[in-house]
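> structural data only, the sequence is not supplied:
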């Protein structure tokens with residue numbers, strides 16, 4: 001599936017990560033699944049991906065990711081369907 005046929009989603013970043021995305025707090029990514037979001041992020045914004053995910057590709061403990069108020073528990077979470085224009089929110093965990 002090419003980029004034009006995939007949904008365009010918005011990944012909202014906290015300021016701690018926007019420092020690695022050319023100061024962008026919102027990233028437009030082409031994806032229909034959570035796995036595709038992370039693949040697209042890794043390709044387009046590798047520094048953000050490195051800070052958000054560990055070596056195994058799992059979300060680091062200091063972040064939580066939500067889609068439709070549903071917690072994303074894995075970069076391979078296939079229980080969440082993405083639609084064009086949908087927002088994916090990354091929140092830092094305060095300790």
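Cool, the structure landed. Everything quoted here is computed from the prediction, not taken from an experiment.
> what comes up buried for the lowest-mean-pLDDT helix or strand in the chain?
Across the helices and strands of the chain, mean pLDDT, DSSP states H and E gives its lowest value to strand 70-72, namely a mean of 87. By neighbour count with 16 or more other CB atoms under 10 Å, strand 70-72 contains the buried residues residue 72. (Each C-beta comes from the backbone N, C-alpha and C, glycine too.)
> also stretch 22-30?
Neighbour count says stretch 22-30 has 27, 29, 30 buried, by 16+ other CB under 10 Å.
> now the second one, what's its secondary structure?
Assigned by DSSP: H, G, I helix; E, B strand; the rest coil, the conformation of residue 29 is strand.
> helix/strand/coil for the closest residue to it other than its chain neighbours?
In this structure, residue 29 finds its nearest non-sequential neighbour in residue 40, 4.3 Å apart by CB to CB, 6 or more residues apart in numbering. Taken by three-state DSSP, the conformation at residue 40 corresponds to helix.
> tell me the pLDDT at residue 40?
Confidence at residue 40, expressed as pLDDT, is 93.
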